[in-house]
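Asks: Please work out how this folds:
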Amino acid sequence: MSGAFTPEFVEREYNNRALVPEHPAFFARWEKDSGFVREVLQPHLDLPYGPHARQRIDVFPATHARGTLMFIHGGYWRSLDKSMFSWLAASWVAAGVSVAMPNYRLAPEVGIARIVDDIIDATNWLALNGAKYGAPPPFVVSGHSAGGHLTAALFATPWSRLELDPASIAGGVPFSGVFDFEPLLIHGFNADFKLDAEAARALTLLGRKPTVAAPLVVAAGASESSEFQRQSRELAAAWAPQARELMLPGHNHFSIVDSFAERGQPLYEETLRLFA
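Replies: Have a look, this model is predicted:
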């Protein structure tokens, strides 16, 4: 795929902050709202699922929870933090769904394959320990951007690496993710990822099939770049009929996160249905 693209095209299509110049306003609001939500909901913060300082998970328990939503933040595997996304928990907890938000190690300290390992470890921790913190099964795993890839990667993980009942995963919602890594070989961020052709092939999910037999909603914003739309469209097609595409009119790479937490929005409602 990268051979068909110029470096200029890839830089433009995959630089979401440049494509959405107002992204600092999203980040500022998310940070502010997250501090308020943590004060009100009083979650269990920084529960360790591994020895590294970033191998931590926050749990926002709902009263009489019907299940748990795990949300994996984005940031191109190289930035951002779960604390910026605490605000997402409010609407889900109000709907009777507990929320778990893991952090993970970042590039360039570790490669993306090791970050996938972190999400597997976080999921295993949640399955084994979540209930005592108010985060019971069933689990719906979701993630935005890099978190969208990590969500789908979990669904392609051999069951031998997962310490949970297969029936405990009710669904997955990867949105605005990257599932074909070949274009990133010629992106400037590869200075951090350190991908070669072999590593890109190993991370790419389009030619693999899910091992977790639960439905997936693969979403993207119709105002995202053509490549981010392609990425989600092709994963949904490759993993059909288990996966289906949800293209969201009017949403860019950052506003789609708002829609994930807003009742009545298609992405929120489709995610909530997975708990039924």
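Asks: tell me the pLDDT at Pro215?
Replies: Listed pLDDT for Pro215 reads 98.
Asks: Now do it against Leu274, distance only.
Replies: Pro215 sits 7 Å away from Leu274, going by C-beta to C-beta, to the nearest Å. All C-beta spots, glycine's among them, are computed from the backbone N, C-alpha and C.
Asks: okay, the two: which has more neighbours?
Replies: Taking Pro215 and Leu274 together and counting by other C-beta atoms under 10 Å, Leu274 has the greater number of neighbours (22 against 18).
Asks: bridging residues for the nearest residue to the more buried one once chain neighbours are set aside?
Replies: With sequence-adjacent residues excluded and distances taken as C-beta to C-beta, 6 or more residues apart in numbering, Leu274 is closest to Gly171, at 3.3 Å. Using DSSP bridges, the bridge partners assigned to Gly171 are Val140.
Asks: neighbours around Gly171, how many?
Replies: Close neighbours of Gly171, defined as other C-beta under 10 Å, add up to 24.
Asks: what residues are shared contacts of Pro215 and Leu274?
Replies: Counting by C-beta atoms under 8 Å, 6 or more residues apart in numbering, the residues touching both Pro215 and Leu274 are Gly171.
Asks: Thr176 contacts Ala222, doesn't it?
Replies: Rather than Thr, residue 176 is Ser. No. Counting by C-beta atoms under 8 Å, Ser176 stays clear of Ala222, with 11.4 Å between them.
Asks: Give me the more crowded residue out of those two.
Replies: For Ser176 against Ala222, the residue with the higher neighbour count under other C-beta under 10 Å is Ser176, and the figures read 31 against 12.
Asks: Quick check: the more buried one vs Gly207, distance?
Replies: Summarising the geometry, the distance separating Ser176 from Gly207, computed by C-beta to C-beta, is 21 Å.
Asks: For Met70, see how far away Ala100 is.
Replies: If you measure Ala100 against Met70 using C-beta to C-beta, the figure is 5 Å.
Asks: Quick check: neighbours shared by the two?
Replies: Any residue near both Ala100 and Met70 by C-beta under 8 Å, 6+ apart counts here, and that gives Ala122, Leu126.
Asks: For the stretch 1-150 of the chain, which residues score under the pLDDT cut-off?
Replies: Counting by pLDDT under 70, the stretch 1-150 of the chain shows low-confidence ranges at 1-3.
Asks: for the chain, what spans make up the strands?
Replies: For the chain, applying DSSP state E gives strands covering 44-48, 56-60, 68-72, 98-102, 139-144, 169-175, 216-221, 243-248.
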